[in-house]
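Colleague: this one's structure only:
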């Protein structure tokens, strides 16, 4: 199955609907004006083979940034990464 | 009007997108067995011909028959096969799993795609629920409709051999 992105975003965010950790990342990314593409997975970890292949874990959120060749899990890490790389100097 | 041992409802004609028309583009979540993400029809046609299959919501016999038929016939080697129904991404994913479908399905609960193609079918007895009348749109790489089949009866009985011939002709055209 190909997974084409529907836009030119360098960042893909694996998430699931109603996941508070994902929402935190989404909210901050939007605040920072970070362009990203969402891929939704199911709540059951057993149905998240794609996340396991991409990131070595079955938890979401997972961020894949092709511009920096970075793949990471854990919302706290992702938030720190977004601040570091896309935070600008308005903080 | 049919050889079936049961009643067939005549849906009448509909003013739908026709052969030679530009295929209306749209963006909806496209669901695979692994995840879903927004995608547009034009992204699919950028890779060549597409057959867009409108079907009744997942779980209906019509949906099952259609996709088992397509799978058994092995469509998809030389064009992109994609479906669209009003079912949610969660339902699509389960449907794909249940029937071992090597295909992706657009999720369109608002039914806007069927509206744009002129193939809306209101579900009798289910207030507020509108879906699509079964239809097959063969769309070339330039987003032009090369062939279409839109049912005028319910249940529908698509001529899969005819559709397959149209696919072969379009693919042969390059």
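Modeller: Structure received. Just so it is clear, the structure is predicted and the values come from calculations on it, not from any experiment.

Colleague: where along chain A do the strands fall?
Modeller: For chain A, strands defined by DSSP state E occupy the ranges A:11-15, A:36-40, A:62-65, A:70-73.

Colleague: so which of the ones you listed gets nearest chain B?
Modeller: The closest of these to chain B is strand A:36-40. By Cβ to the nearest Cβ, the value is 4.5 Å. Backbone N, C-alpha and C define where each C-beta goes, glycine included.

Colleague: quick one, phi/psi of the nearest residue to residue B:46 once chain neighbours are set aside?
Modeller: Closest residue in space to residue B:46, ignoring its immediate chain neighbours: residue B:141 at 7.4 Å, by Cβ to Cβ, 6 or more residues apart in numbering or on different chains. Reported as degrees, to the nearest 10, the phi and psi values for residue B:141 are phi -60, psi -10.

Colleague: can you give me the buried ones in stretch B:63-76?
Modeller: B:63-67, B:70-71, B:75-76 (16 or more other Cβ atoms under 10 Å in any protein chain shown).

Colleague: now swap in stretch A:32-46 and tell me
Modeller: For stretch A:32-46, by 16+ other Cβ under 10 Å, it's A:34, A:36-42.

Colleague: check stretch B:32-47 too.
Modeller: In stretch B:32-47, counting by 16+ other Cβ under 10 Å, buried: B:32-41, B:43-45.

Colleague: what does stretch B:135-148 give?
Modeller: B:135-141, B:143, B:145-148.

Colleague: dump these into a markdown table; add secondary structure as well.
Modeller: Listed next are the buried residues of stretch B:135-148 as a markdown table, based on DSSP: H, G, I helix; E, B strand; the rest coil:
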| residue | secondary structure |
| --- | --- |
| B:135 | strand |
| B:136 | strand |
| B:137 | strand |
| B:138 | strand |
| B:139 | strand |
| B:140 | coil |
| B:141 | coil |
| B:143 | coil |
| B:145 | strand |
| B:146 | strand |
| B:147 | strand |
| B:148 | strand |
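
Colleague: ok, which stretches of chain B are strands?
Modeller: Applying DSSP E to chain B gives strands spanning B:9-10, B:27-31, B:36-40, B:50-54, B:80-85, B:104-107, B:120-122, B:130-132, B:135-139, B:145-150, B:153-154.

Colleague: list the contacts of residue B:53.
Modeller: Listed by Cβ atoms under 8 Å, 6 or more residues apart in numbering or on different chains, the contact partners of residue B:53 are B:66, B:70, B:81-84, B:135-137.

Colleague: and residue B:29, by the same measure?
Modeller: Residue B:29 touches A:40, B:36-39, B:89, B:106-107, counting by Cβ under 8 Å, 6+ apart.

Colleague: let's go with 6 Å and repeat that
Modeller: B:36, B:38, B:89, B:107 (Cβ atoms under 6 Å, 6 or more residues apart in numbering or on different chains).

Colleague: hmm, back to that, between the contacts of residue B:53, which sits nearest residue B:160?
Modeller: residue B:70 (8.0 Å; Cβ to Cβ).

Colleague: one step back: got the strands of chain B as a markdown table, with mean pLDDT columns?
Modeller: Below are those laid out as a markdown table (pLDDT from 0 to 100):
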| stretch | mean pLDDT |
| --- | --- |
| strand B:9-10 | 83 |
| strand B:27-31 | 98 |
| strand B:36-40 | 98 |
| strand B:50-54 | 98 |
| strand B:80-85 | 98 |
| strand B:104-107 | 98 |
| strand B:120-122 | 92 |
| strand B:130-132 | 94 |
| strand B:135-139 | 98 |
| strand B:145-150 | 97 |
| strand B:153-154 | 84 |
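
Colleague: quick one on the thing from earlier: near chain B, from the buried residues of stretch A:32-46?
Modeller: Among these, the residues that sit close to chain B (Cβ under 6 Å from any Cβ of the partner chain) are A:39-41.

Colleague: next, format those as a markdown table and append pLDDT and distance to residue B:153.
Modeller: Formatted as a markdown table, those follow (pLDDT from 0 to 100; distance: Cβ to Cβ, whole Å):
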| residue | pLDDT | distance to residue B:153 |
| --- | --- | --- |
| A:39 | 98 | 39 |
| A:40 | 98 | 36 |
| A:41 | 97 | 39 |
